[in-house]
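> generate coordinates for the sequence data below:
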Amino acid sequence: MVLAKLLLVGGALYYLFQQLQQKNISNFDGIVSNFSVFSLLGIILLSFLNWFFEFLKWKNLVSSFHKITFKQSVEQSLGSLTASIFTPNRVGEYVAKCLYYSKEKTKRIIFLNFLGNITQMMVTIFFGVFGVLFYFIFSPFSFDIEYNANEKGLIFWLPILLVILLSVLLFYYKKINFYGYSVEKIMVKMQLFPARKHFVNVQYSLLRYIIFSHQFYFLLLIFQVEIPYSDAILTIFTMYFLASVIPSIHLMDVVIKGSVALFLFGKLGVNEWVIASVTIIMWFFNLVIPVLLGSFFVLKFKPKMDL
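As a prediction, the model looks like this:
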């Protein structure tokens with residue numbers, strides 16, 4: 001157990017180090033010069049609030065069958081985050097959270113983790129579709145951009161078609177089991193889940209989305225990007241939507257989001273260096289630091305079979 005924890009934490013730290021090297025932040029002084037003490041504290045506060053509501057969300061979900069403290073929610077959330085950084089689409093998070101509970105609770109924990117993640121995804125899709133429609137169709141700003149017709153059509157329709165295709169596949173294969181659950185069973189359990197817990201789960205997911213999307217916007221302001229709020233926030237909604245439909249491992253989210261952000265904001269005339277810097281800062285405060293904190297909880301982890 002000790003060796004496994006050391007290997008996991010060592011691998012996570014090495015992977016983070018490699019990722020930081022690959023980002024090649026050659027103009028680090030240029031990035032730092034854009035921040036004042038207050039703006040830096042503001043960005044840190046938003047990252048803290050982002051994870052604070054994630055901790056509350058997990059605590060709320062687990063409390064549907066077992067009371068846990070806020071501290072336990074922090075340990076389980078950050079520890080499972082560290083364990084999931086190598087796995088595609090955060091699959092490792094499901095396994096890691098199950099280790100905090102006895103074997104007979106495994107299916108329930110998998111369901112609760114899925115419920116938390118799918119709610120966050122649905123919020124992203126809701127705002128994302130809204131952003132895509134206005135960014136590519138209704139926004140007057142879009143008519144001032146010289147899009148390649150095929151390029152515009154691909155970016156607009158591809159994510160929507162992927163969501164539709166996924167929905168059709170889920171319906172068609174609704175009886176196939178995954179970790180003891182089928183889509184059909186999940187839908188039934190979601191209907192039986194306490195309505196109040198559902199409501200609180202959605203609230204926390206909305207708050208998280210509002211926080212990290214506006215954190216990106218505030219970073220644009222810090223780097224003195226002068227575009228209207230409506231255009232900036234719709235572009236951010238579009239960016240998160242497009243990035244969310246592309247499968248990736250957790251740590252590579254920065255590459256996906258960065259590429260999408262460079263494309264979308266590039267069409268609005270925003271400097272590529274600025275967008276790359278904003279994306280890296282978001283990645284550092286919202287993933288790198290939590291993973292480092294999670295490494296501490298992984299090292300001190302002991303299975304709690306009495307939960």
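
> the protein: helices as residue ranges?
Per DSSP state H, the chain carries helices over the ranges 2-23, 28-32, 37-62, 70-84, 91-98, 106-133, 149-172, 183-192, 195-222, 229-244, 253-267, 272-283, 289-299.

> out of the ones you listed, which gets the lowest mean score?
If you rank these by mean pLDDT, helix 2-23 sits at the bottom with a mean of 49.

> picking up where we left off before, can you put the helices of the chain in a markdown table and add mean neighbour count?
Yep, even glycine has a C-beta here, placed from its N, CA and C like the rest. Shown next, in a markdown table, are these (neighbours: other C-beta atoms under 10 Å):
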| stretch | mean neighbour count |
| --- | --- |
| helix 2-23 | 13 |
| helix 28-32 | 11 |
| helix 37-62 | 18 |
| helix 70-84 | 22 |
| helix 91-98 | 21 |
| helix 106-133 | 19 |
| helix 149-172 | 13 |
| helix 183-192 | 14 |
| helix 195-222 | 18 |
| helix 229-244 | 21 |
| helix 253-267 | 19 |
| helix 272-283 | 20 |
| helix 289-299 | 18 |
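
> thought residue 258 was touching residue 277?
No. Counting by C-beta atoms under 8 Å, residue 258 stays clear of residue 277, with 10.1 Å between them.

> how near is the spatially closest residue to residue 270 that is not a sequence neighbour to residue 128?
With sequence-adjacent residues excluded and distances taken as C-beta to C-beta, 6 or more residues apart in numbering, residue 270 is closest to residue 225, at 5.5 Å. To residue 128, residue 225 is 21 Å away according to C-beta to C-beta, to the nearest Å.

> residue 281 now?
With the distance defined as C-beta to C-beta, residue 281 ends up 22 Å from residue 128.

> again with residue 296
From residue 296 to residue 128 the distance is 34 Å (C-beta to C-beta).

> and residue 37, by the same measure?
The value you get for residue 37 to residue 128, if C-beta to C-beta is used, is 34 Å.

> for residue 119, same thing?
14 Å.

> then residue 102?
38 Å.

> what of residue 264?
Taking C-beta to C-beta, one finds residue 264 at 12 Å from residue 128.

> shared neighbours, the two?
Each of 238, 242 lies in contact with both residue 264 and residue 128 under the rule C-beta atoms under 8 Å, 6 or more residues apart in numbering.

> unless I'm mixing things up, the residue nearest to residue 270 is touching residue 235, no?
No. Applying C-beta under 8 Å, one finds residue 225 not in contact with residue 235, separated by 10.7 Å.

> quick check: end-to-end length of stretch 84-94?
End-to-end distance of stretch 84-94 (C-alpha to C-alpha, to the nearest Å): 8 Å.

> so who does the nearest residue to residue 124 once chain neighbours are set aside touch?
Excluding the flanking residues, the one nearest residue 124 by C-beta to C-beta, 6+ apart is residue 244, at 5.0 Å. Each residue near residue 244 by C-beta under 8 Å, 6+ apart is listed here: 121, 124, 125, 128.

> equivalent analysis for residue 235, please.
With C-beta under 8 Å, 6+ apart, residue 235 has these contacts: 131, 135, 264, 265, 268.

> if you set the cut-off to 10 Å instead, what comes out?
131, 134-135, 139, 141, 216-217, 220, 227, 260-261, 264-265, 267-268, 270 (C-beta atoms under 10 Å, 6 or more residues apart in numbering).
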